[in-house]
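**Q** what's the 3D shape of this:
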Amino acid sequence: MSKQNDIVLGIHAVQALIELSPERFIEMWVLKGRDDERMAPIINLARKYKIPVQLVHRKVLDEKSLGEQHQGVIARITPNKQYNENDLDEIISQAERNDVAPFLLILDGVTDPHNLGACLRNADAAGVQAIVVPKDKAAKITATVRKVAVGAAETVPLVQVTNLARTMKHLQQLGVWIVGTAGETDTNLYDVKLYGPMALVMGAEGKGMRRLTRENCDQLVKLPMAGAVSSLNVSVATGICLFEIVRQRINA
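**A** Okay, here's the model as predicted:
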């Protein structure tokens, strides 16, 4: 049985990855009799890149998907490259060589794979160069994350670090300004400068940032909330904050 870190499932996720990195595909399983207009492009791409395709019964797919919704297609792939704190200097240097200000997203203890997948998708769309997460007590790349991210799990490096607070200090030494989101601050997201070398920190679902993470931020901001709801889902809030940074970077 395939492990969660080496399979990709679902029509959009499989098609996005095969278009991006066909060389990573080892084999593919497709629901027997499923040859409709949504599946045909995937099968044609598999033939183009000579990826072995097996037509199988739904029970086989259900077993390989480990309980996840597969939409009739699963592929086994080579795992993502593993990034750690030692890769951050090169990621930042690469951005600067491309004449782009470093732009990072730090997720402090986001454990839900659906939220990580959505944050990866947001990050890719916003031009974030890497997502930094703690090595422990945080979601990792799985089939679920890939399905939600629809290709972004392959384009945005997920940097797993041993000590998040220490990594934040190192980023600051490299000239990166770190802005954290916290409901207890009085500073509105839309009232602060958010361009230049930047890392946005988002806290865990329900708990927010840990104390050390908060203390190592250069600035804290909050989203203005007008209704009865006190907070937003972390991936929704991340998208709002990232694109406010994008807006300011464009207009700077």
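
**Q** Run a quick neighbour tally on Asn98.
**A** As a burial measure, Asn98 scores 8 neighbours (other CB atoms under 10 Å). Where you see a C-beta, it was placed from the backbone N, CA and C, and this is true even at glycine.

**Q** Okay, it and Ile131: tell me how far apart.
**A** 18 Å (CB to CB, to the nearest Å).

**Q** Could you tell me which residues within the helix ranked longest in the chain count as buried?
**A** Longest helix in the chain by number of residues (criterion: DSSP state H): helix 234-251. Under the neighbour-count criterion of 16 or more other CB atoms under 10 Å, helix 234-251 has Val234, Ser235, Ala237, Thr238, Gly239, Cys241, Leu242, Glu244, Ile245, Val246, Gln248, Arg249 buried.

**Q** how about the residues you listed in a markdown table, adding pLDDT and distance to Arg214?
**A** Below are the buried residues of helix 234-251 laid out as a markdown table (pLDDT from 0 to 100; distance: CB to CB, whole Å):
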| residue | pLDDT | distance to Arg214 |
| --- | --- | --- |
| Val234 | 94 | 15 |
| Ser235 | 95 | 20 |
| Ala237 | 94 | 16 |
| Thr238 | 97 | 17 |
| Gly239 | 97 | 21 |
| Cys241 | 97 | 16 |
| Leu242 | 98 | 19 |
| Glu244 | 97 | 20 |
| Ile245 | 97 | 19 |
| Val246 | 97 | 24 |
| Gln248 | 96 | 23 |
| Arg249 | 94 | 24 |
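
**Q** any idea which of those residues is closest to Pro113?
**A** Ser235 (11.1 Å; CB to CB).

**Q** do you know how far the residue most central in space within the chain is from Asp36?
**A** The residue lying closest to the centre of the chain (CA atoms, centre = their mean) is Leu120, at 2.0 Å. Per CB to CB, Leu120 is found 28 Å from Asp36.

**Q** cool, and Glu19?
**A** From Glu19 to Asp36 the distance is 19 Å (CB to CB).

**Q** Compare neighbour counts for those two and give me the winner.
**A** Legend: neighbour count by other CB under 10 Å for Glu19 and Asp36, higher for Glu19 (13 against 8).

**Q** What strand or helix carries that one?
**A** helix 11-20 (DSSP states H and E).
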